[in-house]
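Peer 1: Quick one, fold the following:
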Amino acid sequence: MRVNYTTYDMRREQDTINPRTRPDIMLLSHEDEGDSYHPYWYARVLGIFHVNIKHTGPSSRTPHVQKLEFLFVQWFGRDLAHGAGWSARRLHRVGFVPPDSPGAFGFVDPFDIIHGVHMIPAFAQGPIDELGKSIAQRPADDDEDWQYYYVGM
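Peer 2: Here you go, the predicted structure:
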């Protein structure tokens with residue numbers, strides 16, 4: 001999937017999102033400003049899908065089949081115990097939301113993606129063991145996930 005975005009110097013660029021090679025994305029957060037406010041949410045794309053739907057309910061606007069595109073993602077959660085940002089001179093650190101949590105996986109509209117993001121494994125923290133084998137693991141990472149990742153700015 002390709003995502004168009006505007007660079008800091010007002011030029012047009014394009015990112016390629018691929019679940020096998022470049023799966024990490026960023027979106028605008030929908031959080032209220034507060035102590036733990038962060039402007040972005042991060043996710044790993046597990047699949048890119050489209051379905052042909054026909055809405056026939058009472059509020060239907062068209063009798064035609066329409067194509068709906070969406071992404072299946074696993075969400076990252078920020079490590080709030082890790083001081084990060086420009087003032088702390090450290091990159092933000094995220095980890096996967098535990099898979100048994102209700103919001104660990106979800107669906108994203110491709111139009112909500114800002115662009116791809118580079119996640120750097122926190123090698124010092126080590127890999128995560130309790131997740132076990134899952135579809136979220138990438139062969140490029142030897143089928144293991146890391147405890148935390150740093151968000152490349």
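
Peer 1: ok, now which ones touch the residue nearest in space to the middle of the chain?
Peer 2: By CA atoms, centre = their mean, the chain has its centre lying nearest to Ala43, at 1.5 Å. Contact analysis of Ala43 by CB atoms under 8 Å, 6 or more residues apart in numbering lists Asp24, Ile25, Leu27, Val73, Gln74, Trp75, Phe76, Gly106, Val108. Placement of C-beta: from N, CA and C, glycine included.

Peer 1: Which of those fall within helices?
Peer 2: Per DSSP state H, helices hold no members of these.

Peer 1: Return the member of these nearest to Gly152.
Peer 2: Top of the list for closeness to Gly152, among these and by CB to CB, is Asp24 at 9.3 Å.

Peer 1: Quickly note the distance from the closest one to Gln14.
Peer 2: For Asp24, the distance to Gln14 equals 16 Å [CB to CB, to the nearest Å].

Peer 1: what do you get for His50?
Peer 2: In terms of CB to CB, His50 sits 19 Å off from Gln14.

Peer 1: now do Ile120
Peer 2: Ile120 is 22 Å from Gln14, by CB to CB.

Peer 1: Looking at these two, which is more packed in?
Peer 2: Shown here are Ile120 and Gln14; by other CB atoms under 10 Å, Ile120 has more neighbours (13 against 10).
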